[in-house]
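Participant: Starting from these lines, generate the structure:
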Amino acid sequence: MLQPLSTLPREARDTLFLLAVIAWIIAPLVGELPVWCSAMAALLLLWRGVIALRSAPLPSRWWLMGLLLLAIAATLYTHRTLMGRDAGVTFIVVLLALKTLEMRARRDAFVIFFLGFFTLLSNFFFSQSLLTAASMLVGLLGLLTALVNSHMPVGRPPLLQAAKTAGWMALLGAPIMAVLFVLFPRLAPLWGVPSDAMSGRSGLSANMQVGTIAKLALDSSIAMRIRFDGAAPEQRNMYFRGPVLSTFDGREWRPLYMGFPPLVQTATDLQVQGPPVKYQVTLEANNRPWLLVLDATPERPDLKGYTPTMTPDLQWVVERPMADLVRYRAESYPVFRHGPLREASALTLVDYLRLPFGFNPRTAQLALEMRRDPRLARADTSTLVNAVMERLRTGGYQYTLEPGVYGSHTADEFWFDRKEGFCEHIASSFVLLMRALNVPARVVTGYQGGELNGVDGFWTVRQSDAHAWAEVWVAGQGWVRVDPTSAVAPGRTGSLQRLESPSSAFTQALVTVSPAFALNLRALWEATNNRWNQWVLNYSQAKQLDMLRNLGFESPSWEDLSYVLIAIVVLASLVGAAWALWERHRQDPWLRLYHRATLRLQNAGLALPPNTPPRQMAALLKARSPATDAGLSSVHDWLLRLEAWRYAAHGKDKPPALGLLQREFRQLSWPKRLAPLASARPK
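Facilitator: Now for the predicted structure:
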């Protein structure tokens, strides 16, 4: 039977508490660590816990050396290096767990504390969410509690006492952390987010492989948040433009420009009209160079630290992948016209008519049969689009997240065999059929729709809102958006049937008991996360300079920031000095005056035993001074009055005020050097 924690020896109790704190810090990293590393760390901590409970001896250094070599070999095998973020975090976790097995003295405990602090910080390499920050705050308090407890070597102080001290330390340090957060230079992150691994999950990618995913797992994580300055567009009209895919090899769609696109766009390519929609986007880190904006955005989005550029197909990109959360403003025009208006001047439209040789023969035959139809033989593009959309509406086609794996002829299987798929199957098949009808067409990917958070007024766009639609070229109009998915599943692009990711058993039970409460709780949590993103994660260099501008600096610079920081340091020092003076006045002024008198006499050569009362000090002074020395007699009398003020029983005769004694102290002629005792003088 396990003993209660309060009955264990102090060493065992403190060790188990420290092991629990270490396990708490490592736990969030389990999903990022190799399986062997998590298992090894758990076994080492469990081993150390058993040693503490049984008061068994620690393993020999040969054991530790062997385990260390094993960890180095496993890290090299897994990461092919000992350098870098992933390998470094893996190795530091193993070192932290191994160090607990040689914790023999306080010095070893201090090394564990510092390794624990570093491992705590490494959690933010992978996630900077509010939940991670709250979890690491608990871990920080745990490490501080263990550190304070290690400085209490006498007795058996309760952990609650050390926790209170640690809490006060954290509270006292909070203002310093706040000042450093606000004024410390904003440095670019040392590490970016991990490379995207969205295969089999909803979200955006640089290309689109059709038919290779049998089941699409919805990802409910947030892609971006939008706040509109005025009224928001209708949800069905919210198309946030991402990569435009124009080249198809039979299986995969890719952009027409594989590198950085040439800037061949002219002023007539994009024409907008009507009032713009103004909004602010908070884009989550995605390690991609895309800026998601509504169609169409002619002016460059306002993004500090980047130089956005528009591609010829209206996509906004930046010069490097965005590895951290960013915020930018944009103005979009829902009514616009883009692309060449006449076919004779549109030589580049041939790129949007190409079809891979040897693929989807039945789709090509379908296009030929449609052209043979007298009603469509000489039909314009709009009529052909309506005919294909009508086929999707009435042909028994279904929108599903589990279409299975398609073969080589993805469009043929969609149009004639399976008749089901998610948006990429529908958009790809539609574009291929339009090209077979000799209509220029391309696939556009991005996000469609969103969800209004009633708590903070932001629109939330999730990875599950990732979408693919089509654009066809119409003479006299240019490129026109066509969403074939809306013909198969109108609710997908509307507000009634938004896609939802699978929920946990607890979430499903909560929704069953109280759907409204579950929705409100989710909205509140996401609004709180949004505030965290806006105020903490998105506190950038531009915001620092804006803060200086609000303080009155006309053209703020880093020199101005240093002046403000120095001023705050000086002010804090003055406040600290004032606090120290106030603390001195809070202490017993009589004791302070007594200590000053003691120091004066000791400097003069008078040997005083510890805690000598003023009366005895006066007697010793009298024995060392001649009777005719008026200055020393005044000091003698002052010492007697000092004791009388503190200890004498007062009747009608009140002692002198302490303030008077303090003034006399400064006026007395204190001896510089006392003569030797008379008995010690040579005869």
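Participant: Helix or strand: which one has the residue sitting nearest the centre point of the chain?
Facilitator: The centroid of the chain falls nearest to Q128 when counting by CA atoms, centre = their mean (1.9 Å). Here Q128 sits in a region with no helix or strand, counting by DSSP states H and E.
Participant: What confidence value was assigned to it?
Facilitator: Looking at Q128, its pLDDT reads 72.
Participant: Kindly list the main-chain dihedrals of P403?
Facilitator: Per-residue torsions, P403: phi -80, psi -10 (degrees, to the nearest 10).
Participant: and what of W459?
Facilitator: phi -90, psi 130.
Participant: What is the neighbour count of it?
Facilitator: W459: 20 surrounding residues under other CB atoms under 10 Å. From N, CA and C alone the C-beta is placed, and that goes for glycine too.
Participant: beta partners of it?
Facilitator: Beta bridges link W459 to I226, L452, judged by DSSP bridges.
Participant: Kindly check the end-to-end length of stretch 91-110 for me.
Facilitator: End-to-end distance for stretch 91-110: 19 Å, by CA to CA, to the nearest Å.
Participant: Name the residues of that stretch that come out as buried.
Facilitator: For stretch 91-110, the neighbour count (16 or more other CB atoms under 10 Å) marks 91, 93-103, 109 as buried.
Participant: Spatially nearest residue to S625, not counting backbone neighbours?
Facilitator: L632 (4.0 Å; CB to CB, 6 or more residues apart in numbering).
Participant: I'd guess that neighbour is in a helix, am I close?
Facilitator: Yes: checked against DSSP: H, G, I helix; E, B strand; the rest coil, L632 lies within a helix.
Participant: Share the number of residues neighbouring it, please.
Facilitator: Neighbours around L632, by other CB under 10 Å: 22.
Participant: State the mean pLDDT of the one helix or strand F336 maps to.
Facilitator: Here F336 sits within strand 335-338, counting by DSSP H and E. Model confidence over strand 335-338, given as mean pLDDT, is 90.
Participant: Quick one: list the elements packing against it.
Facilitator: Under the contact criterion of 3 or more CB pairs under 8 Å, 6 or more residues apart in numbering; DSSP states H and E, strand 335-338 touches strand 270-273, strand 478-482.
Participant: ranking the ones you listed by mean pLDDT, which is last?
Facilitator: strand 270-273 - the lowest mean pLDDT of the helices and strands packed on strand 335-338, at a mean of 89.
Participant: Please state the offset of whichever helix or strand comes after that one from the chain centre?
Facilitator: Moving toward the C-terminus from strand 270-273, the first helix or strand encountered (DSSP H and E) is strand 277-283. Between the centre of strand 277-283 and the centre of its host chain there is 20 Å, according to CA atoms, centre = their mean, to the nearest Å.
Participant: least trustworthy helix or strand in this protein by mean pLDDT?
Facilitator: Lowest mean confidence among the helices and strands of the chain (mean pLDDT, DSSP states H and E): helix 505-513, at a mean of 48.
Participant: okay, the helices and strands packed on strand 335-338, which one's buried deepest?
Facilitator: Mean neighbour count (mean count of other CB atoms under 10 Å) peaks for strand 478-482 among the helices and strands packed on strand 335-338, with a mean of 20.
Participant: Distance from the very next helix or strand once past it to the middle of the chain?
Facilitator: Remark: after strand 478-482, the chain's next helix or strand is helix 485-488, criterion DSSP H and E. Chain-centre distance of helix 485-488: 38 Å, with CA atoms, centre = their mean.
Participant: Show residues contacting helix 485-488.
Facilitator: Residues outside helix 485-488 that contact it (CB atoms under 8 Å, 6 or more residues apart in numbering) are 236, 389-390, 392-393, 397-399, 423, 426-427, 467-469, 492-493.
Participant: Which of these are buried? Put it as a PyMOL command.
Facilitator: Remark: buried members of the contacts of helix 485-488, expressed as a PyMOL selection using 16+ other CB under 10 Å:
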select buried, resi 389+392+397+399+423+426+427+467+468+469+492+493
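Participant: The contacts of helix 485-488: which two are farthest apart?
Facilitator: Farthest pair in the contacts of helix 485-488 (CB to CB) is E390 and H467. Separation: 21.6 Å.
Participant: mind exporting stretch 269-277 as CSV, just the C-alpha atoms?
Facilitator: These are the backbone C-alpha positions of stretch 269-277, laid out as CSV (Å, rounded to 0.1, in the frame of the first residue of the first chain):
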residue,chain,number,x,y,z
ASP,A,269,-7.0,43.0,-66.3
LEU,A,270,-8.8,44.0,-63.1
GLN,A,271,-11.7,46.5,-63.0
VAL,A,272,-13.7,47.1,-59.8
GLN,A,273,-16.8,49.0,-59.1
GLY,A,274,-19.1,49.8,-56.2
PRO,A,275,-18.2,50.4,-52.6
PRO,A,276,-15.3,48.3,-51.1
VAL,A,277,-15.6,45.9,-48.2
